[in-house]
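Asker: let's see this in three dimensions:
(one chain, ligands or ions: 1)
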Amino acid sequence: MIRFDHVTKTYKGTKRPALNSIDLEILRGEFVFLVGASGSGKSSFLRLILKEDRPTSGNIHVLGQDLNAISNRKVPYFRRNLGVVFQDFRLLPSKNVFDNVAFTLQVIGKSRGFIQEAVPDVLQMVGLAEKANRLPHELSGGEQQRVAIARAVVNKPAILLADEPTGNLDPSTSAGIMTVLERINAGGTTVVMATHDNAIVDHMKRRVIELVTGQIVRDEDQGAYGMTAEIALQDSGLTAEIALSEGLARPVGPAQPHVAPPRYAPPVPTSTQATPVVAPPPMQPVSRPVPASQPVPVQQPVSEPVTVPPTPQYERPVQAAPAPNGAQTAPAQTGPVVPAGAHPGTPPMPVNPPQPDPHDPATESLTLAEKLGLRAPGAPADPAKDQNVGPTT
Ligand SMILES: Nc1ncnc2c1ncn2[C@@H]1O[C@H](COP(=O)(O)OP(=O)(O)OP(=O)(O)O)[C@@H](O)[C@H]1O
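Answerer: You can find the predicted model right below:
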């Protein structure tokens with residue numbers, strides 16, 4: 001479904017790659033958390049999947065298509081298979097909930113009949129059926145994010161990419177958003193979610209991929225955020241960057257094939273209210289890892305979800321020894337990062353905010369309409385159709 005082969009992304013004007021030789025496979029139906037410190041490469045990873053940017057080297061396949069082979073003209077059609085949710089919602093402030101969701105379908109030419117059926121269905125699914133006539137500013141943050149999710153999935157995309165979708169929300173509202181995302185995933189959509197929210201990751205027990213300075217240091221089927229290098233290193237006073245360069249943390253090897261996890265029936269909504277159908281138990285602080293120079297232990301989850309039956313265990317196939325050409329078969333090193341030689345009191349790694357590259361046509365000021373696949377990059381703007389949107393909070 002999503003495959004990265006030796007993918008490196010180095011932005012112009014920078015020396016260190018934002019993503020460094022990533023090998024990875026995400027299978028149909030998976031729910032994957034992408035975690036890591038600020039600047040570790042999570043958003044870059046998502047942008048590459050969306051073909052909003054292109055790798056400096058390596059190949060990416062999404063839904064069986066080689067992204068290098070998709071022309072700019074065909075990018076909007078490719079993106080119709082992908083839904084995208086951002087931290088800041090990005091709703092149209094002057095359109096009501098129904099029209100915000102319908103807009104995407106109208107622009108891609110769906111019939112009025114289709115829209116009249118599809119929009120109420122998806123609003124029901126996210127628990128907003130009764131708020132279809134509200135404007136965004138008449139909604140809570142969590143409700144606005146539900147609208148954004150409804151817009152992202154109304155066209156039934158195969159993949160949903162979510163970049164910090166709970167970043168602006170309180171814990172209980174975030175739990176409601178996660179219930180919605182689980183429901184979407186249970187319907188067959190592959191979900192890839194970048195997050196800093198350790199409580200959510202610990203609670204969900206889904207596949208966790210951790211990035212440290214653009215390298216995968218952990219890839220676990222049912223991981224937790226609490227054992228990440230980020231926390232371990234912060235506690236030890238080491239920065240992730242130093243740990244990698246000193247060989248104290250190790251990147252994992254090439255992609256491991258995954259066996260798709262079995263599906264389960266999600267809780268069926270009994271109410272159209274915006275509040276979560278069943279709120280998960282309160283999330284608790286994650287206990288911190290231990291002393292430097294000791295391997296970070298695998299922690300037991302601190303709370304069990306009540307709404308989601310535990311996902312049955314599934315195992316990665318054991319891989320053969322590296323092939324002579326070293327291409328795809330080297331066994332991955334998995335497991336937690338091992339911090340050592342701690343220096344208490346060292347502040348966390350400073351991070352430079354992402355800078356757009358004005359000379360790269362792939363990243364050049366894409367409008368939301370382009371990102372959502374509603375208009376080809378560079379195509380003439382239509383003021384009647386294009387979105388002029390920003391954060392609605
Ligand atoms: N357009 C760009 N031009 C130059 N450097 C960039 C660009 N976008 C990102 N970077 C750099 O690439 C690295 C990875 O950034 P990225 O935004 O992918 O990290 P992130 O893990 O998503 O961070 P955050 O959690 O803060 O969103 C950072 O060092 C960042 O400064």
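
Asker: now do the helices in the stretch 1-150 of the chain.
Answerer: For the stretch 1-150 of the chain, applying DSSP state H, counting those that start in this stretch gives helices covering 42-49, 75-79, 97-107, 112-125, 141-153.

Asker: would you confirm that residue 18 contacts residue 12?
Answerer: No. No contact is recorded between residue 18 and residue 12 when judged using Cβ atoms under 8 Å, the distance being 11.2 Å. From N, CA and C alone the C-beta is placed, and that goes for glycine too.

Asker: quick check: which of the helices of the stretch 1-150 of the chain is nearest to the ligand?
Answerer: Closest approach to the ligand among the helices of the stretch 1-150 of the chain is made by helix 42-49 (3.2 Å; Cβ to the nearest ligand atom).

Asker: please save the CA atoms from that closest one in PDB.
Answerer: The C-alpha trace of helix 42-49 is given here as PDB (Å, rounded to 0.1, in the frame of the first residue of the first chain):
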ATOM      1  CA  LYS A  42       7.400  13.100  10.400                       C
ATOM      2  CA  SER A  43       5.800  15.800   8.300                       C
ATOM      3  CA  SER A  44       8.400  15.300   5.600                       C
ATOM      4  CA  PHE A  45       7.400  11.600   5.500                       C
ATOM      5  CA  LEU A  46       3.700  12.500   5.100                       C
ATOM      6  CA  ARG A  47       4.400  15.100   2.400                       C
ATOM      7  CA  LEU A  48       6.300  12.500   0.400                       C
ATOM      8  CA  ILE A  49       3.400  10.100   0.500                       C
END
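
Asker: now it: average pLDDT?
Answerer: Averaged over helix 42-49, pLDDT sits at 96.

Asker: does that helix come close to the ligand?
Answerer: Yes. Interface with the ligand: helix 42-49 contributes 42-44 (Cβ under 6 Å from any ligand atom).

Asker: need the residues that contact that helix.
Answerer: 2, 4, 7, 9, 18-19, 22, 34-36, 53-55, 60, 62, 67, 82, 159, 161, 163, 192, 194, 211, 214, 354, 363 (Cβ atoms under 8 Å, 6 or more residues apart in numbering).

Asker: can I get the buried part of these as one PyMOL selection?
Answerer: Buried residues within these, by 16 or more other Cβ atoms under 10 Å, are selected in PyMOL with:
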select buried, resi 2+4+7+9+18+19+22+34+35+36+53+54+55+60+62+67+82+159+161+163+192+194+211+214+363
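
Asker: so which of the contacts of helix 42-49 are in strands?
Answerer: 2, 4, 7, 9, 19, 22, 34-35, 60, 62, 82, 159, 161, 163, 192, 194, 211 (DSSP state E).

Asker: and residue 136, how far from residue 220?
Answerer: 37 Å (Cβ to Cβ, to the nearest Å).

Asker: pLDDT of stretch 115-125, averaged?
Answerer: Per-residue scores along stretch 115-125 average to 96.

Asker: that should have said stretch 23-34, apologies.
Answerer: Stretch 23-34 comes out at a mean pLDDT of 96.

Asker: please apply the same query to stretch 194-210.
Answerer: The model assigns stretch 194-210 a mean pLDDT of 93.

Asker: ditto for stretch 91-109
Answerer: Averaged across stretch 91-109, pLDDT comes to 94.

Asker: then stretch 172-181?
Answerer: 92.

Asker: what about residue 42, how many neighbours?
Answerer: Close neighbours of residue 42, defined as other Cβ atoms under 10 Å, add up to 26.

Asker: which residue, other than its chain neighbours, is closest to residue 202?
Answerer: residue 224 (4.5 Å; Cβ to Cβ, 6 or more residues apart in numbering).

Asker: try residue 160
Answerer: According to Cβ to Cβ, 6+ apart, the nearest residue to residue 160 is residue 83 (4.4 Å).

Asker: ok, now residue 152?
Answerer: Going by Cβ to Cβ, 6+ apart, residue 152 has residue 83 as its nearest residue, at 3.3 Å.

Asker: that neighbour and the ligand, how far apart?
Answerer: For residue 83, the distance to the ligand (Cβ to the nearest ligand atom, to the nearest Å) stands at 19 Å.

Asker: hang on, that residue packs against residue 153?
Answerer: Yes. The criterion here is Cβ under 8 Å, and residue 83 meets it with residue 153 at 5.0 Å.

Asker: and for the two, which residues touch both?
Answerer: Joint contacts of residue 83 and residue 153 (Cβ under 8 Å, 6+ apart) are 160, 189.

Asker: the two: who's more crowded?
Answerer: residue 83 (27 against 23).

Asker: how confident was the prediction at that one?
Answerer: Value listed for residue 83 in the pLDDT field: 95.

Asker: relative to residue 64, how far out is it?
Answerer: 18 Å.
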